[in-house]
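Undergrad: Turn this into a model:
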Amino acid sequence: QVQLVESGGGLVQAGASLRLSCEASGRTDSAIVMGWFRQPPGKEREIVAALMWNGQDTWYTDSVKGRFTISKNNARNTLYLQMNTLNPEDTAVYYCAAATTTPRNVRFSDNYDYWGQGTHVTVSS
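TA: Next up, the predicted model:
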């Protein structure tokens with residue numbers, strides 16, 4: 001099993017930056033893809049970004065390209081999401097997720113096996 005714990009959320013004004021962290025523990029060697037999802041108030045969960053845990057490939061949803069950066073520190077078993085130029089539409093609960101089999105499509109939450117508890121990000125206008 002893989003345990004995931006997110007941190008770094010908060011309340012910021014539009015235009016500000018935040019960095020989310022996700023500390024992984026347990027069978028981290030089983031992770032193939034790690035991703036960040038978010039669930040805005042009253043909406044469904046959606047993919048934000050993903051990366052190959054033991055590779056270099058990254059993937060972003062269109063709305064965050066150029067503003068968000070996903071990265072990792074394998075030695076620390078930690079996944080990051082640097083979020084710049086935040087806007088109110090980025091308000092959501094952000095979740096870290098791990099897939100232990102190669103997903104057919106990193107966008108779909110069904111392809112991920114383990115989830116963190118989420119961290120709240122609120123962006124005021």
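Undergrad: going forward, measure contacts and count neighbours with C-alpha atoms only.
TA: Will do.
Undergrad: so what pLDDT did Pro103 get?
TA: Model confidence at Pro103, given as pLDDT, is 85.
Undergrad: In what element of secondary structure is it found?
TA: In this structure, Pro103 sits in neither a helix nor a strand according to DSSP states H and E.
Undergrad: burial of it, as a residue count?
TA: Pro103: 15 surrounding residues under other C-alpha atoms under 10 Å.
Undergrad: Need phi/psi at it.
TA: phi -70, psi 150 (degrees, to the nearest 10).
Undergrad: One more: Asn111?
TA: The phi/psi pair for Asn111 (degrees, to the nearest 10) is phi -80, psi 0.
Undergrad: and it, what pLDDT?
TA: pLDDT at Asn111 comes out at 94.
Undergrad: For it, give me its contacts.
TA: By C-alpha atoms under 8 Å, 6 or more residues apart in numbering, Asn111 lies in contact with Ala99, Thr101, Pro103, Arg104, Asn105.
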